[in-house]
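Undergrad: Structure for this input, please:
(one chain, ligands or ions: 2)
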Amino acid sequence: MPVPEHFDFFVDPNRCIGCQACVQACAECDTHKGRPMIHLEYVERSTSTQTVPVICMHCDSPTCAEVCPADAIKKTGDGVVQSARKPRCIACNNCVIACPFGVPKMQSDFELMMKCDMCYDRTSVGKRPMCATVCPSGALFYGTREQVEQLRPRSRPINTFQFGHQTITTKVNMMVPAGPGGTPGSSSAEYVDVTSAMHDESAAGGSGKRVRLNVLEDSLFQFESDAVEEPDDAATTT
Ligand code: SF4
Ligand code: SF4
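TA: Ligands and ions are numbered 1, 2, ... in the order given. Predicted structure coming up:
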């Protein structure tokens, strides 16, 4: 039975409280030998305790699978990208290096790349992924787009990510504020500009909005219009 088409996965970094419940729940699953396939990252560890849950984004064109020389990573017909398969995986680390979201981990004792497969044993029979069932703050949500839009009117789901000139679309959605400062209904952002979020101003060109990580402000994501004028270098150099 495939994962139902109208069910999506939503990650809302603003809601993560760093409790690690998702990590513990994931580790309990026997299908990956007690290892958690979700991890938490600090956004700006030197200045904040804000954490972000990181799972496989289940890319429409998964780079991990494209670079695998052993054809060990399969994407199912319903769009879920699976962990590397034994005995095909040769533990070369290509997928680990290539994934733009920093997801796969090489489990050196098993000589196998393992990652989130969206709890395929559960989601393919209509259940929710373990992490989404235990998250107390709703940072991880599995359901329909209509449900999440009704529950989170001040946010909107985005599943298009810009890495420089590369555009990646995913099965997993990231929740971002609906507009500048979280104002509902006024954002026209079509994608999350990951390169810009990493403070690489030189690669932030293109149309649409730029999104920056900024946990010192009220919201995790701060929107800036591309129309904002850049400082004139010539005027500041003497
Ligand atoms: S997020 Fe990384 S590991 Fe997951 S499908 Fe995309 S490239 Fe592969
Ligand atoms: S269970 Fe939810 S709130 Fe707790 S660390 Fe995981 S994502 Fe964050």
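
Undergrad: which parts of this structure sit against ligand 1?
TA: Within the chain, the positions lying close to ligand 1 (Cβ under 6 Å from any ligand atom) are 56-59, 62-64, 81, 99, 101, 103-104, 115. Every residue, glycine included, has its C-beta placed from N, CA and C.

Undergrad: would CSV of the residues you listed with pLDDT be doable?
TA: Below are the residues of the chain next to ligand 1 laid out as CSV (pLDDT from 0 to 100):
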residue, pLDDT
Cys56, 97
Met57, 97
His58, 98
Cys59, 98
Pro62, 98
Thr63, 97
Cys64, 97
Val81, 97
Cys99, 96
Phe101, 94
Val103, 95
Pro104, 94
Lys115, 96
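
Undergrad: which residues in the chain form helices?
TA: Taking DSSP state H as the test, the helices found in the chain are 21-27, 63-67, 94-98, 120-123, 130-134, 145-151, 194-197, 233-236.

Undergrad: buried residues in the third one?
TA: Buried positions in helix 94-98, judged by neighbour count with 16 or more other Cβ atoms under 10 Å: Asn94, Cys95, Val96.

Undergrad: ok, now the fifth one?
TA: Of the residues in helix 130-134, those buried by neighbour count under the rule 16+ other Cβ under 10 Å are Met130, Cys131, Ala132, Val134.

Undergrad: so what's the first one up against?
TA: Residues counted as contacts of Met130 (Cβ atoms under 8 Å, 6 or more residues apart in numbering) are Cys22, Ala25, Cys26, Glu28, Cys29, Cys119, Arg122.

Undergrad: one more time with 10 Å
TA: Applying Cβ atoms under 10 Å, 6 or more residues apart in numbering to Met130 gives the contacts 21-22, 24-29, 36-38, 119, 121-122, 140.

Undergrad: Chain neighbours aside, what residue packs nearest to it?
TA: Ala25 (4.4 Å; Cβ to Cβ, 6 or more residues apart in numbering).

Undergrad: how close does that neighbour sit to ligand 2?
TA: As judged by Cβ to the nearest ligand atom, to the nearest Å, Ala25 and ligand 2 stand 8 Å apart.

Undergrad: With Cys89 instead?
TA: In terms of Cβ to the nearest ligand atom, Cys89 sits 27 Å off from ligand 2.

Undergrad: Surely that residue and Lys115 touch.
TA: No: the criterion here is Cβ atoms under 10 Å, and Cys89 misses it with Lys115 at 11.4 Å.

Undergrad: so what's in contact with the two at the same time?
TA: Both Cys89 and Lys115 are contacted by Ile73, Ser83, Cys95, Gln107, under the criterion Cβ under 10 Å, 6+ apart.

Undergrad: Redo those residues as JSON lines? Include pLDDT and distance to Phe10.
TA: Compiled in JSON lines, those are given as follows (pLDDT from 0 to 100; distance: Cβ to Cβ, whole Å):
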{"residue": "Ile73", "pLDDT": "98", "distance to Phe10": "24"}
{"residue": "Ser83", "pLDDT": "95", "distance to Phe10": "22"}
{"residue": "Cys95", "pLDDT": "97", "distance to Phe10": "24"}
{"residue": "Gln107", "pLDDT": "92", "distance to Phe10": "27"}
